[in-house]
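> Build me a structure from this.
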Amino acid sequence: MCGIIGYTGSDSAKDILVNGLKQLEYRGYDSAGIAVLDPKTGIILKKKVGKVEELEKAAAEDSTDATCGIGHTRWATHGGVTETNAHPHRQGSVTICHNGIIENYKELTTEYGLKNTLKSETDTEVVAALLDKFYEGNPYKTIKKVVDLLAGSFALCILFDDQPGKIFAIRNVSPMVAASFDNEGNKGSIIASDLTAVINFSKKYFVVPEYHILTLSEDGIAVQDLKGRAVEPEILEVNWDITSAQKGGYPHYMLKEINEQPEAIERTVAPRVQDGLPFLADDGIDDDVLKNLKDIVIVACGTAMHAGMVGKSLIESKLRIPVTVEIASEFRYKDPIIDSSTLTIVVSQSGETIDTLEALRLAKQKGSKVLSVVNVKGSTIARESDYVLYTHAGPEIAVASTKAYTVQIAAMYILAARIGLVKGIMSEEDAREFMTKLLGVGEIMQKTIKSSNDIRRIANHIKTAPDVFYIGRGIDYTLSLEASLKLKEISYIHSEAYAAGELKHGTIALIAEQVPVIAIATEEHVYAKVISNVREVKSRGAYVILISQEGKHENAEVCDKQIFIPQIDSTFGVFATAVILQLIAYYTSDAKGLDVDKPRNLAKSVTVE
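Sure, this is the predicted structure:
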């Protein structure tokens, strides 16, 4: 959950590293640091607590022509937020950056007598000390010896003082991508924990294979396995433009990404429609697996899990196939009831979420076929799955997920339609109608986005509330769970979501005068029931915001504010409703003057347990 970058080439390393860390800051922003290997003066190390801009000011004080270095932006796991604990860490002649968790660092500290040499509280410095302890001039031999001792996940970038112009790297689980380039005579190599820091230099890249040692130099990248054999990595190409990872005139990435959702849905859905029918052959998804499944288990974390819950609601109601949604961090520590007749669907935006990856491996051990829904080509989850359904959200920079969430839901809808078709549950006519409506949700989302002025006024009202409650029934309840998470993440307001019918079983005791209650009532068949629950909270003084479909029900007397989504088949209203709920969270955070894109204590890609 940290950002790593390494650069070696013909240009000044300092500026490239700092600019790269700015691109990666959403992965961690407790502290940041860089280390450059100056051929004249040796290692120059700069570390600062806080955001990358603080590091940038400190780095500007040094004049160096160094063209090789590594950088890091931290999300603290071991030790407090201090300059001493910030990366890079240096021991003797070795300097490293690390993402991940070394689970046995205490045991290694004791076994190799490192305690008196360590300056920080981090697990990372233990790795640096081991590398320095064993180093006798052969980086490959040393790295292999040390990683054989490590338990846990890691992505390491390493500088050895006597290896000028070279960066060494190795990983297990924690993601890294690398690229070599020759742009108008500017030769070099770059490595990072995310493509956003690489794409300025090359659209061609490769995912660093696990337990392979990379040597980056100005002339290119050499890859070898732990037996010393040269390996040619699979070269991939970025299918989005660098401007996709920039704000493009918006005040925040989150607002930009909310506005990008209609196009992201189009990119995800349209290629999977052929002759009006759901089409997954180009994705390599075997119809026989879909036809023969008896049940489905969806495994994910956080927002991705909430997308899975929408998928469950849809599949069970339309196809009558039993679906279980599991939290990945719980699934992997239980004995799940799955077998070869179960299709396990794992959902992860990054494709590197550690708990979801381990859940995938457990499912495969139990004989289940695994289909992953991910946004990143070549990611670990994608590579280890039997089948992959790539979403096409493009880069998502804001920590709070928006477009990644709705394209995950869209992927669930495509899968549901294909399963229904191959099982004979849906006729071709039904499937065509379903896909036509799915293709139309982008336009509905666009109309919904235009209603943001009303939402801004609501946000101004709830920004001072200590508590906010979301209620809904059916699929609206699953949406309320994600809405509550969004509000908590970026506004720091305590928020809870409840199935509306459960209020009277205890929760209604929390409703007091002017407590905001956001009621979602977009499904026709439970609309009257939700309104009854709205009356219950309103009669106890709640400030009620009602979200419902335009032109169907006017209920001004039961609420303080009413927000409408465009009229649409209830099954597909989730996309418009999601936009409303995202905008409520966004404008509330903005009204409070908070850092919308980088909420405290959170990072984008959760690659540690």
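> which stretches of the stretch 1-150 of the chain have low pLDDT?
Residues of the stretch 1-150 of the chain meeting the criterion pLDDT under 70: 1, 27-28.
> Strands of that one, start to end?
With DSSP state E, counting those that start in this stretch as the criterion, the stretch 1-150 of the chain has strands at 3-9, 31-38, 42-49, 68-74, 89-91, 94-102.
> Ok, which of those comes nearest residue 395?
With C-beta to C-beta as the measure, strand 3-9 is the member of the strands of the stretch 1-150 of the chain nearest residue 395 (13.8 Å). Any C-beta I mention is one placed from the backbone N, CA and C, and that applies to glycine too.
> Pairing partners for that closest one, with directions?
Counting by DSSP bridges, the strands paired with strand 3-9 are strand 68-74 (antiparallel), strand 186-192 (antiparallel).
> coming back round to it: looking at the strands of the stretch 1-150 of the chain, spot the one closest to residue 335.
Where the strands of the stretch 1-150 of the chain are weighed against each other on C-beta to C-beta, the nearest is strand 94-102, at 25.0 Å.
> If you count contacts, what does that closest one end up packed against?
With contacts taken as 3 or more C-beta pairs under 8 Å, 6 or more residues apart in numbering; DSSP states H and E, strand 94-102 sits against strand 3-9, strand 31-38, strand 68-74, strand 89-91, helix 124-134, strand 152-160.
> Would you reformat the ones you listed as CSV and include distance to residue 478 and mean neighbour count?
As requested, these are exported to CSV (distance: least, C-beta to C-beta, whole Å; neighbours: other C-beta atoms under 10 Å):
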stretch, distance to residue 478, mean neighbour count
strand 3-9, 32, 30
strand 31-38, 37, 27
strand 68-74, 34, 30
strand 89-91, 43, 22
helix 124-134, 39, 25
strand 152-160, 31, 24
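> okay, the ones you listed in CSV with distance to residue 505 next?
Supplementary listing: the helices and strands packed on strand 94-102 in CSV, determined by distance: least, C-beta to C-beta, whole Å:
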stretch, distance to residue 505
strand 3-9, 44
strand 31-38, 45
strand 68-74, 43
strand 89-91, 52
helix 124-134, 48
strand 152-160, 41
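> mind checking which of the ones you listed is nearest residue 568?
When those are compared by C-beta to C-beta, strand 3-9 sits nearest residue 568, at 39.6 Å.
> re the thing from before, how about TSV for the strands paired with strand 3-9, with distance to residue 272 added?
Shown next, in TSV, are the strands paired with strand 3-9 (distance: least, C-beta to C-beta, whole Å):
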stretch	distance to residue 272
strand 68-74	36
strand 186-192	31
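> For residue 388, find the nearest of those strands.
Closest approach to residue 388 among the strands paired with strand 3-9 (C-beta to C-beta): strand 186-192, 22.6 Å.
> can you state the direction angle for the closest one and strand 152-160?
150 degrees (axes from the mean of the first three to the mean of the last three C-alpha atoms, to 10 degrees).
> Show the average pLDDT along the following helix or strand past strand 186-192.
Toward the C-terminus, strand 186-192 is succeeded by strand 204-207 as the next helix or strand (DSSP states H and E). Confidence over strand 204-207 (mean pLDDT, whole number) is 91.
> so what does strand 204-207 touch, helix or strand wise?
Contact analysis of strand 204-207 by 3+ C-beta pairs under 8 Å, 6+ apart lists strand 177-183, strand 236-237 as its packing neighbours.
> Just the buried residues of the longest one, please?
Of all the residues in strand 177-183, those buried under the rule 16 or more other C-beta atoms under 10 Å are 177-181.
> do you know which of the strands paired with strand 3-9 lies nearest residue 223?
Using C-beta to C-beta and comparing the strands paired with strand 3-9, the one that lies nearest residue 223 is strand 186-192, at 11.3 Å.
> what's in contact with that closest one?
Contacts of strand 186-192 with the rest of the structure, by C-beta atoms under 8 Å, 6 or more residues apart in numbering, involve 3-11, 16, 20, 24, 67, 157, 167, 169, 176-181, 197-198, 201-202, 208, 214, 216-221.
> re earlier: in CSV: the helices and strands packed on strand 204-207, plus mean pLDDT and distance to residue 535.
Conversion of the helices and strands packed on strand 204-207 to CSV gives the following (pLDDT from 0 to 100; distance: least, C-beta to C-beta, whole Å):
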stretch, mean pLDDT, distance to residue 535
strand 177-183, 87, 54
strand 236-237, 86, 55
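> Could you say which one of the ones you listed comes nearest to residue 263?
Shortest distance between residue 263 and the helices and strands packed on strand 204-207, using C-beta to C-beta, is found for strand 236-237: 20.0 Å.
> Check which helices and strands that closest one is in contact with.
Of the remaining helices and strands, those touching strand 236-237 by 3+ C-beta pairs under 8 Å, 6+ apart are strand 204-207.
> Put the alpha carbons of stretch 302-311 into PDB.
Extracted in PDB, the C-alpha atoms of stretch 302-311 (Å, rounded to 0.1, in the frame of the first residue of the first chain):
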ATOM      1  CA  GLY A 302     -14.700  -3.100   0.300                       C
ATOM      2  CA  THR A 303     -16.200  -1.400  -2.700                       C
ATOM      3  CA  ALA A 304     -15.600  -4.400  -4.900                       C
ATOM      4  CA  MET A 305     -17.600  -6.500  -2.500                       C
ATOM      5  CA  HIS A 306     -20.500  -4.100  -2.700                       C
ATOM      6  CA  ALA A 307     -20.400  -4.500  -6.500                       C
ATOM      7  CA  GLY A 308     -20.600  -8.200  -5.900                       C
ATOM      8  CA  MET A 309     -23.600  -7.700  -3.700                       C
ATOM      9  CA  VAL A 310     -25.400  -6.000  -6.500                       C
ATOM     10  CA  GLY A 311     -24.400  -8.900  -8.700                       C
END
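> Name the residues that touch that stretch?
The contact list for stretch 302-311 (C-beta under 8 Å, 6+ apart) reads 298-300, 323, 325, 327-328, 345, 347-349, 353, 356, 373, 401, 404-405, 408-409, 412-413, 415-416, 475, 478-479, 481-482, 485, 574, 606.
> taking those residues one by one, which sit in helices?
Secondary structure assignment by DSSP state H places 328, 356, 404-405, 408-409, 412-413, 415-416, 475, 478-479, 481-482, 485, 574 of the contacts of stretch 302-311 in helices.
> what about burial for those residues, which qualify?
Buried members of the ones in helices among the contacts of stretch 302-311, counted by 16+ other C-beta under 10 Å: 328, 356, 404-405, 408-409, 412-413, 415-416, 475, 478-479, 481-482, 485, 574.
> Nearest to residue 146 among the strands paired with strand 3-9 would be which one?
Checking the strands paired with strand 3-9 against residue 146 by C-beta to C-beta gives strand 68-74 as the closest, at 16.8 Å.
> for that closest one, the distance to its chain's centre please.
When C-alpha coordinates are averaged (C-alpha atoms, centre = their mean, to the nearest Å), strand 68-74 and its chain have centres 21 Å apart.
> what's the angle from it to strand 31-38?
Compare the direction of strand 68-74 with that of strand 31-38 by the same axes, to 10 degrees and you get 170 degrees.
> between strand 68-74 and strand 94-102, how many degrees?
30 degrees.
> Could you check the angle strand 68-74 makes with strand 42-49?
Here strand 68-74 runs at an angle of 20 degrees relative to strand 42-49 (the same axes, to 10 degrees).
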